[in-house]
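1. after the sequence you'll find the predicted model.
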Amino acid sequence: MDRAGIRARRRKSSVLAGMLAALGLAVAGLSTGGAGSADARDAGARDAGAQTRAVPKHAVTGYWQNFNNGATVQRLSQVQDQYDIIAVAFADATGQPGQVTFNLDSAGLGGYTVAQFKADIKAKQAAGKSVIVSVGGERGSVSVNSSAAAGNFANSVYALMREYGFDGVDIDLENGLNATYMTQALKSLAQKAGPGLVLTMAPQTIDMQSTSNAYFKTALNVKDILTVVNMQYYNSGAMLGCDGKVYGQGSVDFLTALACIQLEGGLAPSQVGIGTPASPRGAGSGHVSPTVVKNALDCLARGTGCGSFKPSKTYPGIRGAMTWSTNWDALNGNAWSNAVGPHVHGLP
């Protein structure tokens, strides 16, 4: 996800690169994580006196753009009701390693004030939604590569939670991630924020091909506090599925066979979501119709609607779906959320 809308992500090598990355994953020998700790955590109280809310068993995540790049300009109050988790994109790096801040683009958003933004966050939370701040993006330059940086990250994100009322943080670092120090940062943040912390991640497809990858390692390291990993199934080359076969983006098989790697690699079903663009203009490649997203969810949750790949078992607890972005969705007549939202909320 980036500020230009159509991201120029570096092409992730080729099929060969994906195959090499996946060699470290012995799918057959990996156990599927249970849903207990994550689901129990979701029911916890939120930080700083916020209402006690639960992220729904099946949730829809949408990124809200804190900038104008040609998509519909929205105030947070205008974000479609189907979205359960709203990720505010993006926090900004500062001059201190690991530290982040947030700057509302009031001018780009038609004079939207900080006071209005904060009030809209409270209103969304009163309606049962979670509002989190996203760190990274395609142009993000936040780096957590030391204990000092990890401390700066945790302290600054927690400060933003206190100042704006955010429920947590989304990790969308697309230019490298250190598993050791990011784990340290997120564990520290969780200690500060308490059991109500909402923690999401949005890795690229290459980042989740193997449990030896830093992103996948981090997700497993923080599994006890992790809400959901919404992998970006777009702007990607062909990748390996959990059956060892190569799949190209844009199909049901691409969504299900790659989700299977996460589901069999140690994440709980409740910690896995499918991320797709809300419209063809939302990404450089990988847009699929809402029907494809719904079929993929049905395949994973119910064993129906599959393509050529069919998982060996079903995962009825799968969390749901994500899109970039609520703004592109609005420009496209809310076609994505109107179709995918009710379907996610109707999963078993």
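-> The structure has been received and is ready for your questions.
2. C-alpha from now on. contacts and neighbour counts both.
-> OK.
3. so residue 229 lies in a strand, does it not?
-> Yes. Counting by DSSP: H, G, I helix; E, B strand; the rest coil, residue 229 is part of a strand.
4. how close does it sit to residue 59?
-> 12 Å (Cα to Cα, to the nearest Å).
5. between these two, which one's more packed in?
-> With neighbours defined as other Cα atoms under 10 Å, residue 229 and residue 59 compare such that residue 229 has more, 27 against 24.
6. for the closest residue to the more buried one other than its chain neighbours, give its distance to residue 272.
-> Once flanking residues are discounted, residue 229 sits nearest to residue 201: 4.7 Å by Cα to Cα, 6 or more residues apart in numbering. Distance, residue 201 to residue 272, by Cα to Cα: 10 Å.
7. shared neighbours of the two, anything?
-> 228-230 (Cα atoms under 8 Å, 6 or more residues apart in numbering).
8. make JSON lines out of these and add distance to residue 109 and pLDDT.
-> Below are these laid out as JSON lines (distance: Cα to Cα, whole Å; pLDDT from 0 to 100):
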{"residue": "228", "distance to residue 109": "29", "pLDDT": "98"}
{"residue": "229", "distance to residue 109": "29", "pLDDT": "98"}
{"residue": "230", "distance to residue 109": "26", "pLDDT": "98"}
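9. can you list those in a markdown table and add distance to residue 345?
-> Formatted as a markdown table, the shared contacts of residue 201 and residue 272 follow (distance: Cα to Cα, whole Å):
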| residue | distance to residue 345 |
| --- | --- |
| 228 | 16 |
| 229 | 18 |
| 230 | 16 |
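10. still on that earlier bit, the residue nearest to residue 229: neighbouring residues, count only.
-> Residue 201, neighbours per other Cα under 10 Å, totals 25.
11. would you confirm that residue 252 contacts residue 296?
-> Yes. With contact defined as Cα atoms under 8 Å, residue 252 and residue 296 form a contacting pair (5.4 Å).
12. which residues do the two both contact?
-> Common neighbours of residue 252 and residue 296 (Cα under 8 Å, 6+ apart) are residue 306.
13. max-length helix in the chain?
-> Taking DSSP state H as the criterion, the chain has its longest helix at helix 147-164.
14. what's the next secondary structure element after that helix?
-> As assigned by DSSP states H and E, the chain's next helix or strand after helix 147-164 is strand 168-173.
15. what residues does that following strand touch?
-> So strand 168-173 is in contact with 87, 131-138, 140, 142, 157, 161, 197-203, going by Cα under 8 Å, 6+ apart.
16. again with stretch 302-318
-> 35, 57-58, 252-253, 256-257, 260, 268-273, 295-301, 347-348.
17. swap in 6 Å and give it another go.
-> Residues outside stretch 302-318 that contact it (Cα atoms under 6 Å, 6 or more residues apart in numbering): 252-253, 269-270, 272, 295, 298-301, 348.
18. got it, and stretch 277-297?
-> Taking Cα under 6 Å, 6+ apart as the rule, stretch 277-297 contacts 5-7, 234-235, 249-250, 252, 256, 305, 323-324, 328-329, 336.
19. what about those, which are in helices?
-> Per DSSP H, the contacts of stretch 277-297 map to helices at 252, 256, 328-329, 336.
20. now flag whichever of those residues is closest to residue 104.
-> residue 328 (19.0 Å; Cα to Cα).
21. residues near that closest one, how many?
-> Residue 328, neighbours per other Cα under 10 Å, totals 29.
22. repeat that for the one 5 residues further on.
-> Neighbour count of residue 333, defined by other Cα under 10 Å: 11.
23. same thing with residue 214?
-> Neighbours of residue 214 under the rule other Cα under 10 Å: 18.
24. the stretch 101-250 of the chain: strands as residue ranges?
-> 130-137, 168-173, 198-201, 228-232, 239-240, 246-247 (DSSP state E, counting those that start in this stretch).
25. quick one: distance of stretch 62-74 to the chain centre.
-> In terms of Cα atoms, centre = their mean, to the nearest Å, the centre of stretch 62-74 is found 17 Å from the chain centre.
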